[in-house]
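Asks: Below: sequence and its predicted model.
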Amino acid sequence: MLSEEPDSRPTWATSHLRHYEKNRILDPPSNAGNHQNPRPCRYNPIPPTFEPDSQGMLPPGIPRKTPSEIQQAFLEIRNSLLAQSEAIKHPNFEALSTGDLALLFSAYDERFFHGLLEKLLNDRTSLPLRLRLSSRMTSSGGKTTVKQWRDIKSGQLGEISYEIAISTTLLFLSFRDVQRPIQVCGVTCRDRLDALQRLMEHEITHLLEYLLREESSCNKTPFKFLAATIFGHTDTRHQLISQKERAATQFGIRRGSWVRFLYEGQPMEGRVNRITKRATILVPSKTGTLYSDGRKYSNFYIPLGLLDPADPPPSEPR
Ligand SMILES: [Zn+2]
């Protein structure tokens, strides 16, 4: 059983489909250095059943498809989702449910793995694969997490849980108002459904690696080999539109921009420190929090459409 008792703690691993850009933001000193790095996953030792070799062999049970067979399977999955989903009625869908992720996962397991993913999952755990939509993932397109609880006193390990999360924020910001070609995993996407399929394929490759090798990294050769051979991926990153890019192209606002806005009817001015779903504005304030530049600011979290670009006062660095 998966225990959430206070005397147990999880060991876990995550893999992100990351964006090309890296974020550098100003942190309050109290938060600086407080970011937790994923610890290595230490779950039940199951002997690895697959190590990629120089022969370029896929793991047993996974059929190798030709490029045209891969494209045909992609198309069948696309059409089956359009036919079966309650929410996805056209390729640039405006709603998505976890049921759609379940349909998608099953379609991939059937057409690309002949049911191997479900079988490996059943061998490893009695917990079902968790599929989740995330509106809080604003730079990672997808994330695969493996978690296992361990009782600190007895050292006894509980069930392993596997989860795939997909960012709805990035999907719905893309194929919207910002017009430019979008690649995911090195493949140009025509529409939102194409992008969703590529995200799911990337995360399925992480899941497969976790199930076969107990570790997964899309920076490493085994992952790249699997993603290229099974799905034809040529990259491990995405170019989906972030709110940061949309802020710059649609609103002329970037990190560091000086902006004006109304807060509870009061005019305020400050600097954009971070752009996620909304923009975080630092307004200079004697009673605010001390930040890493040695100055004090109050923090405001404002929708992009309510911000007006402005010139900073002479007292502010340009
Ligand atoms: Zn990845």
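Replies: Arrived safely.
Asks: wait, what's in contact with residue 284?
Replies: 270, 295-297, 316 (C-beta atoms under 8 Å, 6 or more residues apart in numbering). From N, CA and C alone the C-beta is placed, and that goes for glycine too.
Asks: Next up, identify which helix or strand it is on.
Replies: Residue 284 belongs to strand 279-290 when assigned by DSSP states H and E.
Asks: Let me see the confidence value for whichever residue of the chain sits closest to the ion.
Replies: Closest contact between the chain and the ion, by C-beta to the ion, is at residue 218 (3.3 Å). Here, the pLDDT recorded for residue 218 equals 93.
Asks: Quick check: which element contains it?
Replies: Going by DSSP H and E, residue 218 is not in any helix or strand.
Asks: can you check residue 261 too?
Replies: Secondary structure (DSSP H and E) places residue 261 in strand 258-263.
Asks: If you count contacts, what does the helix or strand that that strand is followed by end up packed against?
Replies: Going down the chain from strand 258-263, the next helix or strand is strand 266-275, by DSSP H and E. Where contact means 3 or more C-beta pairs under 8 Å, 6 or more residues apart in numbering; DSSP states H and E, strand 266-275 is packed against helix 243-251, strand 258-263, strand 279-290, strand 296-302.
Asks: so where's the chain uncertain?
Replies: By pLDDT under 70, the weakly predicted segments of the chain are 1-55, 318.
Asks: for it, what spans make up the strands?
Replies: For the chain, applying DSSP state E gives strands covering 8-16, 130-134, 142-151, 157-167, 182-184, 187-189, 258-263, 266-275, 279-290, 296-302, 308-309.
Asks: which residue sits closest to residue 102, ignoring its sequence neighbours?
Replies: Setting aside the residues directly before and after it, residue 102 is nearest to residue 131 in space (C-beta to C-beta, 6 or more residues apart in numbering), at 5.7 Å.
Asks: Test my guess that that neighbour contacts residue 106.
Replies: No: using C-beta atoms under 8 Å, residue 131 makes no contact with residue 106, being 10.3 Å away.
Asks: who's more crowded, these two?
Replies: Neighbour count, other C-beta atoms under 10 Å: between residue 131 and residue 106, residue 131 has more, with 21 against 15.
Asks: Which helix runs longest in the chain?
Replies: helix 192-213 (DSSP state H).
Asks: Any part of that helix near the ion?
Replies: No: judged by C-beta under 5 Å from the ion, helix 192-213 makes no contact with the ion; its nearest approach is 5.6 Å.
Asks: Spell out which residues make up each domain of the chain.
Replies: Here the domain parsing of the chain from automatic domain parsing is 8-241, 252-309.
Asks: which of those domains is buried the deepest?
Replies: By mean neighbour count, with neighbours taken as mean count of other C-beta atoms under 10 Å, domain 8-241 ranks first of the domains of the chain at a mean of 17.
Asks: circling back to that earlier point, would you turn the contacts of residue 284 into TSV with distance to residue 56?
Replies: Converted to TSV, these look like this (distance: C-beta to C-beta, whole Å):
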residue	distance to residue 56
270	55
295	56
296	58
297	54
316	57
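Asks: of all those, which two lie farthest apart?
Replies: Maximum pairwise distance among the contacts of residue 284 (C-beta to C-beta): 13.8 Å, between 296 and 316.
Asks: what sits against residue 193?
Replies: Per C-beta under 8 Å, 6+ apart, neighbours of residue 193: 78, 81-82, 88, 91-93.
Asks: got these as JSON lines, with distance to residue 101 columns?
Replies: Output for the contacts of residue 193, formatted as JSON lines (distance: C-beta to C-beta, whole Å):
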{"residue": "78", "distance to residue 101": "15"}
{"residue": "81", "distance to residue 101": "10"}
{"residue": "82", "distance to residue 101": "15"}
{"residue": "88", "distance to residue 101": "11"}
{"residue": "91", "distance to residue 101": "17"}
{"residue": "92", "distance to residue 101": "18"}
{"residue": "93", "distance to residue 101": "13"}
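Asks: ok, so of the residues you listed, who is nearest residue 234?
Replies: Checking the contacts of residue 193 against residue 234 with C-beta to C-beta, the nearest one is residue 78 at 19.8 Å.
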